[in-house]
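Asks: mind looking at a prediction? Sequence and model below.
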Amino acid sequence: MRRGMTSAGRRKGRGFRRLLGFCVCIGIIAGAWAGYRLLMPSNVQETPVFSVEHPLFYKGHFMEAGALLEGEEIKLPVEAVTSMLGSEIPIRYEADSQSIILTNGSQVLRMKTDTLTAKLGSKPFKLAVAPETRKGVVYVPLTPLKTLYGVQAQLSPTTGAVTLAKGGDSIQYAVPGQKEMAVRNEPSIHSPFIEKVPLEGKLTVWKEEGDWYSVQGPSGYSGYARKSELQLSDKQTTQEPVEQQPELAWKSTGKKINLTWEAVYNVAPDPAKFPAMEGVNVVSPTWFELMDGAGQIRSKADANYTKWARSKGIQVWALFSNGFDPERTTQALANVETRFSMIQQLLAYAKMYQLQGINIDFENVRTSDKGALVQFVRELTPMLHEQGLVVSIDVTPKSNSEMWSLFLDRAELIKSVDYMMLMAYDEHWASSPESGSVASLPWVENSILRLLEDDQIPGSKLILSMPLYTRIWTEKTASDGSVKVSSKAVGMNKIRELIATNKLKPEFDPSTGQNYVQYPVEGGLNRIWIEDKVSLEARIALVHKYGLAGVATWSRSFQADDVWSVIHNGLSNPS
């Protein structure tokens, strides 16, 4: 017999069904709300807050700095501009003189804070607003930055944000696709928006991040926009400043450089007594020397010498030395005024003596002055180029010597100079503890390769400097059994006389690529690695092998008369 449900049981069933239905409704509503939340973008606006009034942006990134406005002129912090331009486009601030120096390949601009008159080269340059220092930050007007580097700045009229660009930057623009769209803080539709961009608005696109673009809107603030809401439009490249290429004396000749240094001491050399120097097309007399830390230059220049050179069709690239004095070098390079004084003196001397170039020979320099030397050359070269002068600098082979090698920033110096002379000699120097070649062939080749490969020096700008001297090494055994070594530098004719007098027969030393002799002396042994036709031809072969600009020789007074035809024939006829 079937038993029926009680009324209480029926009520419990109906209650359960109502509860279940309610739960289902709640679930549907919750799911719908979750779906709504998932699909619907945030409509909350969140404007970025900055600690500066005019935040700076470059390629969509806040530069942690701000600009200043003075009337319609924008001033930019030096540190931010340097960060944007990179180390290859240097801006230098010197606090002692409150000077800002801008340099490029063809111009030098010197400014001072709170001063409206600047100097472009040697000429006045009028500024609309002055550079200034505020709360320890140095600000530079936009106009000179635009003139030298092509820096551009766009000020947002609504927010005051400033967007920077430099010459050569590629900029992609975009517009909203079909309707107003949002720029958001993060690449998510649930992120608050920074601004809404109308259909007629324009954005800058910097990079892709999945389904989003990193952008800057009309406000200048950076954020993110969905790809589906944007339409890419035009792409522009900011204009780079056109640098005037100098008309230099040497570039019109089209020959390999064959330079010899003229060592000038107390008495001026008499060119009338010089032998014929076949093929020599540049001479570099050691005429100019830094006298003191104030930048005064002593001159031993000789008009008779330059007259002789012109009559022979030989260019004169006078040498400027620091006197190998580290203290006066530090002082002279330390500030813009002394550097400018040196430059002005060199320009005046070059004009007075009708020079075609200046050869810089700074040696025995503190490593702490490395950057100051680079800055001096950056300032010097454009001003010498204005006068049509060729600028070259002498460098030693790379080594761990602080005062003779490490102070040379060869990779930076080559960006400014026309030629770099590699002084590939003194492998074994005068006071060397052991005898050896002044410039063995493997050592010379390795010295060339280190500059070409380590410092990326173009072969077309590198000149191989070769010795015309050698050292007579004397080795004597002391009572304690140790060998005492001494040396004497002599020229090529002296070695020939010595070989003839002692009836010596040179033998080729394959390890150095040179002829070699040795002979006994009282209490010891003399050893000589000879500089002659064999050694010179081997080095000239390296000039052709690596596509170098030419050769230089130290120095003319060490010559043998026939050496010039050897060098000339070697340069003219690559084997």
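Replies: Structure received.

Asks: going forward, measure contacts and count neighbours with C-alpha atoms only.
Replies: Noted.

Asks: pLDDT score assigned to the most centrally placed residue in the chain?
Replies: In the chain, the residue lying closest to the centroid (CA atoms, centre = their mean) is residue 412, at 3.1 Å. Here, the pLDDT recorded for residue 412 equals 96.

Asks: ok, now which ones touch it?
Replies: Applying CA atoms under 8 Å, 6 or more residues apart in numbering to residue 412 gives the contacts residue 374.

Asks: please, which helix or strand holds it?
Replies: helix 410-413 (DSSP states H and E).

Asks: run me through the strand neighbours of the following helix or strand past that helix, direction for each.
Replies: Per DSSP H and E, the first helix or strand lying C-terminal to helix 410-413 is strand 419-423. Applying DSSP bridges, strand 419-423 is found paired with strand 390-395 (parallel), strand 462-467 (parallel).

Asks: please point out which parts of the first one sit buried.
Replies: Same thing as strand 390-395. Going by neighbour count (16 or more other CA atoms under 10 Å), the buried part of strand 390-395 is 390, 391, 392, 393, 394, 395.

Asks: now it: mean pLDDT?
Replies: 99.

Asks: residues contacting that strand, please?
Replies: Under CA under 8 Å, 6+ apart, the answer for strand 390-395 is 248-250, 317, 356-362, 381, 384-385, 405, 408, 410, 417-423.

Asks: please repeat the previous calculation with a cut-off of 6 Å.
Replies: 357, 358, 359, 360, 361, 417, 418, 419, 420, 421, 422, 423 (CA atoms under 6 Å, 6 or more residues apart in numbering).

Asks: could I get those residues as a markdown table with neighbour count?
Replies: What follows is the contacts of strand 390-395, written out as a markdown table (neighbours: other CA atoms under 10 Å):
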| residue | neighbour count |
| --- | --- |
| 357 | 26 |
| 358 | 24 |
| 359 | 25 |
| 360 | 23 |
| 361 | 19 |
| 417 | 22 |
| 418 | 20 |
| 419 | 24 |
| 420 | 26 |
| 421 | 23 |
| 422 | 23 |
| 423 | 21 |
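
Asks: nearest to residue 55 among those?
Replies: For the contacts of strand 390-395, the residue nearest residue 55 by CA to CA is residue 417; the value is 37.8 Å.

Asks: the closest one and residue 490, how far apart?
Replies: 32 Å (CA to CA, to the nearest Å).

Asks: now residue 435
Replies: In terms of CA to CA, residue 435 sits 15 Å off from residue 490.

Asks: between the two, who's got more neighbours?
Replies: residue 435 (23 against 14; other CA atoms under 10 Å).

Asks: residues contacting the more buried one?
Replies: residue 473.

Asks: how about it, secondary structure?
Replies: Reduced to three states with DSSP: H, G, I helix; E, B strand; the rest coil, the structure at residue 435 is coil.

Asks: now distance to residue 335 too, for the strands paired with strand 419-423, in JSON lines please.
Replies: As requested, the strands paired with strand 419-423 are exported to JSON lines (distance: least, CA to CA, whole Å):
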{"stretch": "strand 390-395", "distance to residue 335": "21"}
{"stretch": "strand 462-467", "distance to residue 335": "29"}
